[in-house]
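Colleague: requesting a structural model of the entry that follows:
(chains A and B)
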Number of protein chains: 2
Amino acid sequence: MNIYDIARESGYSTATVSRVINGSDKVTERARARIMAVIEAEGYTPNVFAQGMGSDSMKTVGVLVPDISDDFMSRAVSYLETGLAEKNFGMILSCSGFSKEGKDRHIELLLDKRVDALILVGSTYAGSTNAAHNTDMIKKAAKKKPVFLINAYLDCENVYCTFANDFAVSYDVTKRLIENGREKILFLTDSDSYSANQKKSGYLHALGDYGRTANPDLMIHTKNDIAFTKKLLSAMKPDIDACFATDDAMAVGVVKYALSRGISVPGALSVVGYNNSPLALASTPELTSIDNRLEKNCQDTLTRVFAVLSGAAAVPRKTSVACTVAERETTAF
Amino acid sequence: MNIYDIARESGYSTATVSRVINGSDKVTERARARIMAVIEAEGYTPNVFAQGMGSDSMKTVGVLVPDISDDFMSRAVSYLETGLAEKNFGMILSCSGFSKEGKDRHIELLLDKRVDALILVGSTYAGSTNAAHNTDMIKKAAKKKPVFLINAYLDCENVYCTFANDFAVSYDVTKRLIENGREKILFLTDSDSYSANQKKSGYLHALGDYGRTANPDLMIHTKNDIAFTKKLLSAMKPDIDACFATDDAMAVGVVKYALSRGISVPGALSVVGYNNSPLALASTPELTSIDNRLEKNCQDTLTRVFAVLSGAAAVPRKTSVACTVAERETTAF
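Modeller: Sure, this is the predicted structure:
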């Protein structure tokens, strides 16, 4: 029996039932008595979660990632799993790949498994700037279950977003490279996602604010792969004195390219990665990398998941997490 | 309605019902007619999976790992998820940590979620040599659902094991280091698990077969952490000309230690890691690492999961996967 059954049997609204369960005094004595009679007759135990979840809840949250073998994704899943298990929630994990078809199919599969909420990890789910239709399935899912996006933003009822403030930290890092005397800063990315665009925007705004003109030759699309990026730069031999990459594997590829050509790091070439992954520590010299504080992002998301599932009235739909820079050996800011 | 209901209503055994469903001719015409009558009356559709899974199946497999943020674990989960999704199976992922309490609690949580089978990833679940009692919970779970161990071995009914042949490849690598003229081979590990012991055993047997005496000072327990291992060796300054580590982060720590002391790699020090993780490629020089062929291990496991769930008669309880060596810049065999 859930809150809807109690409302129906008592003849009061779910809002009134909710007030009685929560001990609010904004309810008449008559309503309280009638609702409590129904609750006691049915042996209903008020459960803070049952209100937002429905009586058929399996206490399970569906988590979707494009690729769990990616370090960023697997860390997110680890943080989410820990937080969910603490509340005795299970996690159904699904890996969608990056195609629209894969994402749509996996969102449907998760809804079929009767999850209480969906958490989508990674900015790929919010669509790229030139493919807004990619989010249709998320909007459809949000009509059935609350949806939580980690590191992406989508303006839609029942969709809650927590994201790293990629713009601000990208602006800050580019600014520091410029103030450090760097003239030709390579921007490397492998994505057109929401967060990749935020990073690019931070880079471009910093250049603009310091009176620099962005050089399209220094904005390169590569793969987030060490060997591929090293090879690409070895072929291009770009004229650069700094590099800001939107993920660590690309940045490590740049470091390896520099070593192979005898370019000193950070003397002649400063390198900054993103995600502060184990690769940053495995690199020699160790890689300076932006920490987008994934753990805090995941914790904030779960706080909101439990608030929504417990029927809390005002849950913010958009919050951001400030990033930090883990300074190591590939920069001398 | 499941096979048990049909058996009860028809008055025949589940074995006979199974034979009828599977079209076996080892059944009397009378039994077949009676069983088919029950099946048709109930509108039962024979489903190849429903036989091994029961009618309340959610088509979901529970996967337990100690730590999903570990690269080896997250790759395993990725392979398993892909293979399960292909058969429209969901995966409930749970992270147990390494303590017995955590493992026991998470196995129970997964069984509560009504999974069709359990897959436990990593040799930590088979207990270490000096803590055999650790497997009690697995044996208990196996009374309810089939249990599959990846990279571990446990001799128990309804427990199916696939594991990398760690002994053979560890023997082979140690032999190659010896034949390459290495005299003082450091063995580094962070674990007492089944697979860690197989690796140690391979190392010791190769030493023995070449008439070497194992030096306990060269068998060091560390953490699977780059910085920790580098620091430990910097403090110990062991007299070594090779290192065989049971995971890549330790091996990368050794490479960094060597670089910091001006020891040439592989000239004065050969280094071999394990798991062939992204760290091996991020290292400079790139790390030679044993590939325990996790993808094949996971695929073989899933083949067996589906065989058991479909009620196949003879599924082997123990199979092994041969490992290979990814040779890179830290060795010159």
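Colleague: the nearest residue to residue A:195 once chain neighbours are set aside: neighbour count?
Modeller: Leaving aside its sequence neighbours, residue A:195 sits nearest to residue A:123 (Cβ to Cβ, 6 or more residues apart in numbering or on different chains; 3.8 Å). Heads up, the C-betas are built off the backbone N, CA and C, glycines and all. Using other Cβ atoms under 10 Å in any protein chain shown, residue A:123 is surrounded by 26 other residues.
Colleague: repeat that for residue A:170.
Modeller: Residue A:170: 27 neighbours (other Cβ under 10 Å).
Colleague: so how far is chain B from it?
Modeller: 23 Å (Cβ to the nearest Cβ, to the nearest Å).
Colleague: check that residue and give its pLDDT.
Modeller: Listed pLDDT for residue A:170 reads 98.
Colleague: ok, residue A:133 next?
Modeller: 54.
Colleague: now residue A:7. Its backbone dihedrals?
Modeller: The phi/psi pair for residue A:7 (degrees, to the nearest 10) reads phi -60, psi -50.
Colleague: list the contacts for it?
Modeller: A:13-14, A:16-17 (Cβ atoms under 8 Å, 6 or more residues apart in numbering or on different chains).
Colleague: relative to residue B:290, which of those residues is nearest.
Modeller: Closest approach to residue B:290 among the contacts of residue A:7 (Cβ to Cβ): residue A:14, at 59.5 Å.
Colleague: surely the closest one is in contact with residue A:3?
Modeller: Yes: counting by Cβ atoms under 8 Å, residue A:3 is a contact partner of residue A:14 at 5.3 Å.
Colleague: and those two? which has more neighbours close in?
Modeller: A count of neighbours by other Cβ under 10 Å puts residue A:3 above the other of residue A:14 and residue A:3, at 21 against 15.
Colleague: that one against residue A:15, yeah?
Modeller: No: when contacts are counted by Cβ under 8 Å, residue A:3 is not listed as touching residue A:15 (9.7 Å).
Colleague: burial count for the residue of the stretch 51-200 of chain A found nearest chain B?
Modeller: Closest to chain B within the stretch 51-200 of chain A is residue A:74: 3.4 Å, counting by Cβ to the nearest Cβ. Neighbours of residue A:74 under the rule other Cβ under 10 Å: 24.
Colleague: pretty sure it is in a helix, no?
Modeller: Yes: assignment of residue A:74 by DSSP: H, G, I helix; E, B strand; the rest coil places it within a helix.
Colleague: my guess is it contacts residue B:68. True?
Modeller: Yes: counting by Cβ under 8 Å, residue B:68 is a contact partner of residue A:74 at 5.5 Å.
Colleague: interface residues of the stretch 101-250 of chain A facing chain B?
Modeller: A:106, A:109-110, A:113, A:226-227, A:249 (Cβ under 8 Å from any Cβ of the partner chain).
Colleague: export those to a markdown table and tack on pLDDT?
Modeller: A markdown table is the format used below for those (pLDDT from 0 to 100):
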| residue | pLDDT |
| --- | --- |
| A:106 | 88 |
| A:109 | 84 |
| A:110 | 88 |
| A:113 | 80 |
| A:226 | 97 |
| A:227 | 97 |
| A:249 | 97 |
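Colleague: neighbour-wise, which of those leads?
Modeller: Counting by other Cβ under 10 Å, top hit in these: residue A:249 with 28 neighbours.
Colleague: wait, what's in contact with it?
Modeller: By Cβ under 8 Å, 6+ apart, the contact list for residue A:249 reads A:224-226, A:229, A:277, A:279, B:278, B:282.
Colleague: and the residue of the stretch 151-300 of chain A found nearest chain B, how far is that from residue B:293?
Modeller: Among the residues of the stretch 151-300 of chain A, residue A:282 lies nearest to chain B; the distance is 3.9 Å by Cβ to the nearest Cβ. Distance of residue A:282 to residue B:293, given as Cβ to Cβ, to the nearest Å: 22 Å.
Colleague: looking at these two, which one has more neighbours?
Modeller: residue A:282 (27 against 18).
Colleague: would you confirm that that one contacts residue B:279?
Modeller: Yes: applying Cβ under 8 Å, one finds residue A:282 in contact with residue B:279, separated by 4.4 Å.
Colleague: where do the contact lists of these two overlap?
Modeller: Common contacts of residue A:282 and residue B:279, defined by Cβ under 8 Å, 6+ apart, comprise B:226, B:249, B:252.
Colleague: helices - which of these land there?
Modeller: B:226, B:249, B:252 (DSSP state H).
Colleague: which residues touch the last one?
Modeller: Which is residue B:252. Residue B:252 touches A:282, B:226, B:229, B:273, B:279-280, B:282-283, B:287, counting by Cβ under 8 Å, 6+ apart.
Colleague: quick revisit: read off the pLDDT value for the residue of the stretch 51-200 of chain A closest to chain B.
Modeller: The model's pLDDT for residue A:74 equals 90.
Colleague: please name the nearest non-neighbouring residue to it.
Modeller: residue B:74 (3.4 Å).
Colleague: distance of that neighbour relative to residue B:98?
Modeller: In terms of Cβ to Cβ, residue B:74 sits 16 Å off from residue B:98.
Colleague: can you check residue A:124 too?
Modeller: Counting by Cβ to Cβ, the gap from residue A:124 to residue B:98 is 32 Å.
Colleague: who's more crowded, the two?
Modeller: For residue A:124 versus residue B:98, neighbours defined as other Cβ under 10 Å are more numerous around residue A:124 (25 against 13).
Colleague: quick one: the more buried one is in a strand?
Modeller: No: looking at residue A:124 with three-state DSSP, it is helix, so not inside a strand.
Colleague: out of the residues of the stretch 101-250 of chain A next to chain B, what pair is the most spread apart?
Modeller: Most distant of these, by Cβ to Cβ, are A:113 and A:227, 38.0 Å apart.
Colleague: one step back: taking the contacts of residue A:249, tell me the two that lie furthest apart.
Modeller: Checking those with Cβ to Cβ, the most distant pair is A:229 and A:277, at 14.7 Å.
Colleague: quick one, grab the pLDDT at the closest residue to residue A:189 other than its chain neighbours.
Modeller: Once flanking residues are discounted, residue A:189 sits nearest to residue A:246: 4.3 Å by Cβ to Cβ, 6+ apart. pLDDT, residue A:246: 97.
Colleague: from memory residue A:246 sits against residue A:186, does it?
Modeller: No: the pair residue A:246 / residue A:186 is not scored as a contact, 11.5 Å apart, by Cβ under 8 Å.
Colleague: the two: which is more packed in?
Modeller: Neighbour tally, residue A:246 and residue A:186, criterion other Cβ under 10 Å: the higher count belongs to residue A:246, 28 against 24.
Colleague: buried ones in the strand or helix carrying residue A:16?
Modeller: Per DSSP states H and E: residue A:16 is located in helix A:14-21. Buried positions in helix A:14-21, judged by neighbour count with 16 or more other Cβ atoms under 10 Å in any protein chain shown: A:16-21.
Colleague: kindly indicate which of the residues you listed lies nearest chain B.
Modeller: Once Cβ to the nearest Cβ is applied, the member of these that ends up nearest chain B is residue A:21, at 25.5 Å.
Colleague: now the strands for the stretch 201-333 of chain A?
Modeller: A:219-221, A:242-245, A:270-274, A:288-291, A:318-321, A:324-326 (DSSP state E, counting those that start in this stretch).
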